[in-house]
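In: Starting from these lines, generate the structure:
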Amino acid sequence: MNTKTNPLKLNALQLKTLTLLQEIAKHEQSASPDDGGGVRITRLPRPHGDHFHLGDWVVRAADATGLANEVVWKALERKGLARSAFPLSITLTLIGLEYVTGLRQAILQTPGH
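Out: Numbering: from 1, shown residues only. Alright, predicted model coming up:
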């Protein structure tokens, strides 16, 4: 796998969404292994106010608009990063799980409360 940041030239919304999906995929209450080696996500976080909690992190709701956007899911699918069953589930492929977005530190914040 090429570790260069964003070799598939995803746009900003696609990168943010993939970053969040990669983190959600780590939580067994939201995701489970897929037969093809990927991870199927069936439960997306719900914002309260202007943010939501994702494990030990806080995420601004403004950074998560792609989680409910079918066009973004389909774009990730076209690039081979995911398989969409919008709005029920999305499966990250191995490539999607390993893809370097470069946004993890910018999007996942330490909670302030």
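
In: contacting residues around the longest helix belonging to the chain?
Out: Identified as the longest helix of the chain according to DSSP state H is helix 12-24. With contact meaning CB atoms under 8 Å, 6 or more residues apart in numbering, helix 12-24 is reached by 6, 10, 30-31, 41, 44-45, 54-55, 57, 59, 63-67, 69, 72-73, 75-76, 81-82, 90, 92, 96-97, 99, 101-104, 107-108. Backbone N, C-alpha and C define where each C-beta goes, glycine included.

In: Just the ones of those residues in helices?
Out: Short answer: those in helices (DSSP H) are 72, 73, 75, 76, 96, 97, 104, 107.

In: Pull out the buried members of those residues.
Out: Buried subset of those (neighbour count, 16 or more other CB atoms under 10 Å): 72, 73, 75, 76, 96, 97, 107.

In: wait, doesn't the second one sit right on residue 84?
Out: Yes - applying CB atoms under 8 Å as the test, residue 73 and residue 84 come out as touching, 4.1 Å apart.

In: joint contacts of those two?
Out: With CB under 8 Å, 6+ apart as the test, residue 73 and residue 84 both reach residue 90.

In: Could you check the pLDDT of the residue nearest the centre of the chain?
Out: For the chain, residue 21 is the residue whose C-alpha lies nearest the centre (CA atoms, centre = their mean; 1.7 Å). We have a pLDDT of 98 for residue 21.

In: do the same with the one 3 residues further on
Out: At residue 24 the predicted local confidence, pLDDT, stands at 98.

In: give me the number of residues near it?
Out: 23 (other CB atoms under 10 Å).

In: Would you check how far apart it and residue 30 are?
Out: 5 Å (CB to CB, to the nearest Å).

In: Ok, residue 40 next?
Out: Counting by CB to CB, the gap from residue 40 to residue 30 is 10 Å.

In: Tell me how far residue 15 lies from residue 37.
Out: From residue 15 to residue 37 the distance is 22 Å (CB to CB).

In: The two: who's more crowded?
Out: residue 15 (22 against 9).
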